[in-house]
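Chemist: next input, structure requested:
(one chain, ligands or ions: 1)
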Amino acid sequence: MNIADLFKHKTVFSLEVFPPKKYSAVETILPTLTALKNVNPDFISVTLGAGGSAQSDGTVAVVNLIQNHLNIPAVAHVPGLYQDQAQVDQLIQRLQSINVNNILALRGDQIPGLAPRGEFEHASDLIEYVHENYPDVNIASACYPECHQEATSFIADIEHLKLKIDAGSDHLISQLFFDNQHFYDFREKLALAGINVPVEAGIMPCTSKQQIERITQIAGVPVPDKFKKMMNRYANNKVALKDAGIAYAIDQIVDLVSQGVDGIHLYTMNKPEVAQRIWDATKNIFGASEIKDGKIHVK
Ligand code: FAD
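Modeler: Take a look at the predicted model:
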């Protein structure tokens, strides 16, 4: 099943998880995934460290659990910067052998001190290669409502995004953001650039000030004053910060869905209880569908 087809039927609600650090502990994620099934995700994507093939066993095992044990469509993240063609071939073929045909094609984060392989310098190179060599694989890619931190200009970043769509990506998942207006402005830029594929909005609920500060700093994502004030006010009260962070995420989601967003991609940080609270508060605003025998049924 091509997950891009889901957008024809409903506002998509998808989740992102990361695999356990050690492959030997991979099954410890099963209770998390089982709990996440309760929030009725349209698909779950699984990250893969920028190093690529060296860490891919965990990602492959987790997408296998999601797709073949829990019967939820799974998407494997595939970063290309530190992989060569043979490694990408091997990874795609392993995914296909377990019936996973949806990937999120990425350049991947740069690893200081490690030389890139040079074959997939940009995500668009990887998308072009996979699209040409594996026509059955559906390719999502990443986008940045507040511009990618390395881009020389927002215009250049959008031009590079267009290259990814022209190379064969049929769905975008956005970087996290905390100001919906920036996402709406971005959608207008995409329309002007002729980018018409579904765009999911990436939402990360704040449950820890340190975690949000670390992630936004690495990813170069701006944090609005309003959000900083919330984090500072409840920095020493974990329970209150969780309540406030979840409420903020719910507020963002309700506004985005009201403004006709194609989908919400929730960065779960492997915390099913947070996803559950968000889902409980918003489930009726998403259209309902289920997948049976590989086909989408709208309820
Ligand atoms: P690209 O699309 O290649 O863009 C990277 C930069 O290069 C941009 O500044 C762009 O403007 C520029 N660029 C692109 N093409 C060209 C060109 N032809 N010429 C000149 N400049 C160009 N990282 C991981 O390692 N593992 C993950 O699992 C992972 N999951 C992610 C999931 C999502 C939803 C998102 C948004 C990001 C994820 N990342 C992950 C992080 C991602 O790898 C980084 O943000 C990375 O810095 C950029 O990846 P990209 O695929 O967007 O790169």
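
Chemist: surely residue 74 meets residue 63?
Modeler: Yes. Judged on CB atoms under 8 Å, residue 74 makes contact with residue 63 at a distance of 4.0 Å. Every C-beta, even on glycine, is put in place using the N, C-alpha and C of the backbone.

Chemist: identify the contacts common to the two.
Modeler: Applying CB atoms under 8 Å, 6 or more residues apart in numbering, one finds that residue 74 and residue 63 are jointly contacted by 46, 100.

Chemist: can you show me the strands along this structure?
Modeler: Here the chain has its strands, by DSSP state E, at 12-17, 43-46, 74-79, 102-106, 138-143, 171-176, 199-203, 263-267, 289-292, 295-298.

Chemist: for the record, mean pLDDT for the first one?
Modeler: By that I understand strand 12-17. Strand 12-17 comes out with an average pLDDT of 98.

Chemist: now check it, is it near the ligand?
Modeler: No. Using CB under 6 Å from any ligand atom, we find that strand 12-17 stays clear of the ligand, coming within 6.9 Å at best.

Chemist: and if you look at the second one?
Modeler: No. Strand 43-46 is not in contact with the ligand by CB under 6 Å from any ligand atom; minimum separation 7.4 Å.

Chemist: may I have that strand exported as PDB, CA atoms only?
Modeler: The C-alpha coordinates for strand 43-46 follow below in PDB (Å, rounded to 0.1, in the frame of the first residue of the first chain):
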ATOM      1  CA  PHE A  43       1.100   4.700   9.800                       C
ATOM      2  CA  ILE A  44       4.100   4.700  12.100                       C
ATOM      3  CA  SER A  45       7.600   5.700  10.800                       C
ATOM      4  CA  VAL A  46      10.800   4.500  12.400                       C
END
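
Chemist: name every strand pairing with it and say which way it goes.
Modeler: For strand 43-46, the paired strands and their directions (DSSP bridges) are strand 12-17 (parallel), strand 74-79 (parallel).

Chemist: can you list contacts of that strand?
Modeler: In contact with strand 43-46 (CB under 8 Å, 6+ apart) are residues 3, 6, 12, 14-19, 33, 36, 59, 62-63, 66, 72-77, 102, 104, 140, 173, 265.

Chemist: swap in stretch 100-108?
Modeler: 1-3, 43, 45, 50, 52, 63-64, 67, 73-82, 92, 95, 120-123, 126-127, 130, 136-142, 164, 169, 173.

Chemist: what residues does the residue lying closest to residue 185 once chain neighbours are set aside make contact with?
Modeler: Among residues not flanking residue 185 along the chain, residue 145 sits closest, at 7.8 Å (CB to CB, 6 or more residues apart in numbering). Taking CB under 8 Å, 6+ apart, we find residue 145 in contact with 174-175, 177, 182-183, 185-186, 201.

Chemist: what distance do you get for residue 145 to residue 133?
Modeler: Look at residue 145 and residue 133: by CB to CB, to the nearest Å, they are 31 Å apart.

Chemist: same check on residue 87?
Modeler: Applying CB to CB to residue 87 and residue 133 gives a distance of 13 Å.

Chemist: please apply the same query to residue 154.
Modeler: Residue 154 is 32 Å from residue 133, by CB to CB.
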